[in-house]
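Participant: got a sequence here, can you model it:
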Amino acid sequence: MNLIKKCHPHYIEAGCDEVGRGCLAGPVVAASVILGDDFNNIFVKDSKSLSKNSIKDLASYIKENVKDYAISELPPAFIDQHNILNASIHAMHLALDQLKIRPEFILVDGNRFHPYPHIPHQCVVKGDSKILSIAAASILAKDYRDRLMEDLHREYPQYGWERNVGYPTKAHREAIRTFGTTPHHRMSFKLL
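Facilitator: Numbers count the residues shown, from 1 in each chain. As a prediction, this is how the structure comes out:
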């Protein structure tokens, strides 16, 4: 199924998504993408439905072929202080702040968003499987976060972050039980 390219054809649209909300460790990462009129790739879809290799390849393609994009992250300490919903939305705001092109309309994956100054927005439930710019943002955020967790895995190999990327798998919880937590764990989450 082809994704919707533009919801509001007369506006410069930015699609936003985040990854890592349900993780026990690592940052929440958000991306914002402004597509060009000529952007077209039938392989771009919700990052949850793509293999790791496809995500890497598509992330490179997206970076080279969109008008503008930005990626931001917020660490576990921020998540613990402000909660994961607020951290996710703030990360999307930070990604929007970094865009060189100012969008005129924001499309957000999900059903919650804090208004971004002076730019209207629309929340789209399962937007990453419906709207191309949101799907592209989900791919960039996922690729960035997966690479970051692979790097952290080298420092903390016992937690299996190269496979579970911080999500609450049985092996990850067992490692927390055995080795304790790291500075990258979210202490406000139910770790065990």
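Participant: who's in contact with the helix-or-strand element of the chain with minimal mean pLDDT?
Facilitator: Counting by mean pLDDT, DSSP states H and E, the chain has its least confident helix or strand at helix 52-65, which shows a mean of 94. Helix 52-65 is touched from outside by 33, 36, 39, 41, 43-44, 47, 50, 69, 136, 139-140, 142-144, 146, with contacts defined as Cβ atoms under 8 Å, 6 or more residues apart in numbering. Any C-beta I mention is one placed from the backbone N, CA and C, and that applies to glycine too.
Participant: which ones among these lie within helices?
Facilitator: If you go by DSSP state H, the contacts of helix 52-65 have Ala136, Ile139, Leu140, Lys142, Asp143, Tyr144, Asp146 in helices.
Participant: got CSV for those residues, with distance to His82 too?
Facilitator: Supplementary listing: the ones in helices among the contacts of helix 52-65 in CSV, determined by distance: Cβ to Cβ, whole Å:
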residue, distance to His82
Ala136, 27
Ile139, 26
Leu140, 23
Lys142, 22
Asp143, 25
Tyr144, 21
Asp146, 24
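Participant: between these, which is closest to Val29?
Facilitator: Using Cβ to Cβ, Tyr144 is the member of the ones in helices among the contacts of helix 52-65 that lies nearest Val29, at 5.4 Å.
Participant: that closest one contacts Val28, doesn't it?
Facilitator: No. Proximity of Tyr144 to Val28 does not meet the contact threshold set by Cβ atoms under 8 Å, at 11.3 Å.
Participant: more neighbours, those two?
Facilitator: Val28 (28 against 20; other Cβ atoms under 10 Å).
Participant: skipping its backbone neighbours, what lies nearest the more buried one in space?
Facilitator: Gly20 (4.7 Å; Cβ to Cβ, 6 or more residues apart in numbering).
Participant: ok so, going back, quick check: neighbours shared by Tyr144 and Val28?
Facilitator: Glu73.
Participant: just the buried ones among the ones in helices among the contacts of helix 52-65, please.
Facilitator: Ala136, Ile139, Leu140, Lys142, Asp143, Tyr144, Asp146 (16 or more other Cβ atoms under 10 Å).
Participant: okay, the first one: pLDDT?
Facilitator: So the one you mean is Ala136. pLDDT for Ala136: 96.
Participant: contacting residues for it?
Facilitator: Contact partners of Ala136, counting by Cβ under 8 Å, 6+ apart, are Gly15, Ala31, Val33, Leu35, Val44, Ile62, Val66, Tyr69.
Participant: please report how far it lies from His121.
Facilitator: Distance of Ala136 to His121, given as Cβ to Cβ, to the nearest Å: 17 Å.
Participant: go on, the fifth one?
Facilitator: Computed as Cβ to Cβ, the Asp143 to His121 distance reads 24 Å.
Participant: do the same with the second one
Facilitator: Separation of Ile139 from His121 (Cβ to Cβ) stands at 21 Å.
Participant: could you do Met92 as well?
Facilitator: Look at Met92 and His121: by Cβ to Cβ, they are 10 Å apart.
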